[in-house]
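1. Dropping a prediction and its sequence here:
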Amino acid sequence: MDFSEFLQSNLQQFWELTGFYNATWQHFVMLGVGLFFIWLAIKKDFEPMLLVPIGFGMLIGNIPFNTTAGLEIGIYEEGSVLNILYNGVSAGWYPPLIFLGIGAMTDFTALIANPKLMLIGASAQFGIFGAYMVALLLGFAPDQAGAIAIIGGADGPTAIFLSSKLAPNLMGAIAVSAYSYMALVPVIQPPLMRLFTTKKERLIKMRPARAVSQNEKIIFPILGLLLTCFVVPSGIPLLGMLFFGNLLRECGVCNRLAKTASNALTDIVTILLGMTVGASTQASEFLTAETIGIFALGFMAFIIASSSGVLFVKLFNLVLPQSKKINPLIGNAGVSAVPMSARISNNLGLKYDPSNYLLMHAMGPNVAGVIGSAVAAGVLLGFLA
């Protein structure tokens, strides 16, 4: 072989290894979706701490390469760096760490002061079980239907945890769907809240919550753990870490641990989780009719969850005395997008009455929604695993 043939052979081999040679239209679609997520995060400020890692992960995961070359760079190639990082998603150990951080940064005072707000968080879980029934009717297997339905809780870590156990092959689509609807809460929920409430209901002013003692705050995570996990032991990985993180926050003697859990640890895990979830959306695995169905079912679940919280408050108000009526604008906060849904309740309340601050009241069902979605995941896991 002369030099020119050698050079031509090497150039041909190099060309066949490039992304340009291996690219398909599906790769460019997914790259466009990744860029769109990054644009939403930066320009529209839609959950940037989630959408920037997920969007950039989509770019990483959809750079085309020759899968037969044995490069060990793809997220689904055993032993690759991305595959090792993705193990935290596929094995389900990133979500409990996220729940530890959520517990450490969450103030449950509003829920402790007004325990009936727990019912609003519970009512929002109708979206999960409603979507589960619809998914079964559409032909999904029970374990797949359960994993898809959890999207209705608007809780990305819970969706990842449950899908890693019930439907690992659908986890990428389920995770991206859950985080997408979390980010779009400010767009989806306000029209539903206006649709299902009257002007008179939006003007309801709730009484200030009672003061909560430090002892109550310390007892709550211990009692919460025992009550929920004795009923649903399969929820221990999520609920155990959630309440443990909250005890670190409230006990007063573990401030360094609480600070680490709520800041550094949560930030590190969020980066790794978001990036690897995004990278898992390789075009060959992600762009399927099944994925479109998952997004549609997830959207339906989220709509039902947001609406059922508002409608439940309206129904509940029928039996409450005038002085204890609840503003139905806080019903949307029953989904577990903390604290975004609570802020939306407050902002919409202020729009109709600038003196009507609903944030602290909305935080009650909002944190109840976190517990509720974890309990729902535990129930589905217990029945379907």
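-> That came through, no problem. Numbering: from 1, shown residues only.
2. hmm, who's touching stretch 283-296?
-> Contacts to stretch 283-296, defined as CB atoms under 8 Å, 6 or more residues apart in numbering, come from residues 24, 26-27, 29-30, 62, 76, 138, 148, 151, 170, 172-174, 176-177, 180, 280. Using the backbone N, CA and C atoms, a C-beta is placed for each residue, glycine as well.
3. tally of neighbours for the nearest residue to A261 once chain neighbours are set aside?
-> With CB to CB, 6 or more residues apart in numbering as the criterion, A261 has its nearest non-adjacent residue at 4.0 Å, and that residue is A104. If you count neighbours by other CB atoms under 10 Å, A104 ends up with 26.
4. How about V29?
-> So V29, with other CB under 10 Å, has 14 neighbours.
5. just R194 next, same as before
-> Every residue meeting other CB under 10 Å relative to R194 is counted, giving 16.
6. picking that back up, for the residue nearest to A261, give its distance to C254.
-> To C254, A104 is 9 Å away according to CB to CB, to the nearest Å.
7. again, but for A159
-> Relative to C254, A159 is positioned 29 Å away (CB to CB).
8. Looking at the two, which is more packed in?
-> Taking neighbours as other CB under 10 Å, A159 and C254 compare with A159 leading, 31 against 15.
9. Show the backbone phi and psi for that one.
-> With angles defined as degrees, to the nearest 10, A159 sits at phi -60, psi -40.
10. In contact with it, which residues?
-> 147, 150-151, 153, 174-175, 177-178.
11. Just give the closest residue to it, not the sequence neighbours.
-> In space, A159 is closest to A178, 3.8 Å off (CB to CB, 6+ apart).
12. give me the element the one you found is part of.
-> helix 171-183 (DSSP states H and E).
13. Pull out the buried residues from whatever helix or strand comes next after that helix.
-> Going down the chain from helix 171-183, the next helix or strand is helix 185-195, by DSSP H and E. The neighbour-count check on helix 185-195 (16 or more other CB atoms under 10 Å) flags 185-186, 188-190, 192-194 as buried.
14. Who are the packing partners of helix 185-195?
-> On a contact count with 3 or more CB pairs under 8 Å, 6 or more residues apart in numbering; DSSP states H and E, helix 185-195 meets helix 289-317, helix 340-352.
15. what packs against the helix or strand just after that helix?
-> Remark: after helix 185-195, the chain's next helix or strand is helix 199-202, criterion DSSP H and E. Packed against helix 199-202 by the contact rule (3+ CB pairs under 8 Å, 6+ apart) you find helix 340-352.
16. isn't F140 right next to V134, touching?
-> No: here F140 lies out of contact with V134, judged by CB atoms under 8 Å, at a distance of 9.2 Å.
17. which one of the two has more residues nearby?
-> F140 (22 against 18).
18. Pull out the buried residues from the contacts of stretch 283-296.
-> Buried members of the contacts of stretch 283-296, scored by 16+ other CB under 10 Å, are 26-27, 30, 62, 76, 148, 151, 170, 172-174, 176-177, 180, 280.
19. ok, G309 - contacts?
-> 120-121, 123-124, 331-335, 365.
20. If we use 6 Å, what do you get?
-> By CB atoms under 6 Å, 6 or more residues apart in numbering, the contact list for G309 reads 120, 123-124, 331-332, 334.
21. In helices only, show me those.
-> 120, 123 (DSSP state H).
22. what comes up buried for stretch 9-22?
-> N22.
23. Residues contacting that stretch from elsewhere in the structure, which ones?
-> The contact list for stretch 9-22 (CB under 6 Å, 6+ apart) reads 63-66.
24. And the buried ones among those, selectable in ChimeraX?
-> Filtering those down to the buried ones (16+ other CB under 10 Å) takes a single ChimeraX command:
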select :64
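25. Out of the contacts of stretch 9-22, which one has the lowest pLDDT?
-> Lowest pLDDT of the contacts of stretch 9-22: N66, 80.
26. secondary structure class for that one?
-> Three-state assignment for N66 (DSSP: H, G, I helix; E, B strand; the rest coil): coil.
27. who's in contact with it?
-> 17, 22.
28. Got phi/psi on it?
-> The phi/psi pair for N66 (degrees, to the nearest 10) is phi -80, psi 110.
29. quick one: it and F140, what's the gap?
-> 34 Å.
30. before we move on, the earlier item: a markdown table please, covering the buried residues of helix 185-195 and showing pLDDT and distance to L40.
-> Shown next, in a markdown table, are the buried residues of helix 185-195 (pLDDT from 0 to 100; distance: CB to CB, whole Å):
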| residue | pLDDT | distance to L40 |
| --- | --- | --- |
| V185 | 87 | 12 |
| P186 | 87 | 11 |
| I188 | 90 | 14 |
| Q189 | 93 | 16 |
| P190 | 94 | 17 |
| L192 | 94 | 20 |
| M193 | 94 | 22 |
| R194 | 94 | 23 |
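31. Closest one to F99 out of those, please.
-> V185 (19.2 Å; CB to CB).
32. A337 is in contact with the closest one, correct?
-> Yes: under the criterion of CB atoms under 6 Å, V185 is in contact with A337, at a separation of 4.9 Å.
33. how about low-confidence regions in the stretch 51-200 of the chain?
-> Applying pLDDT under 70 to the stretch 51-200 of the chain flags the ranges 69.
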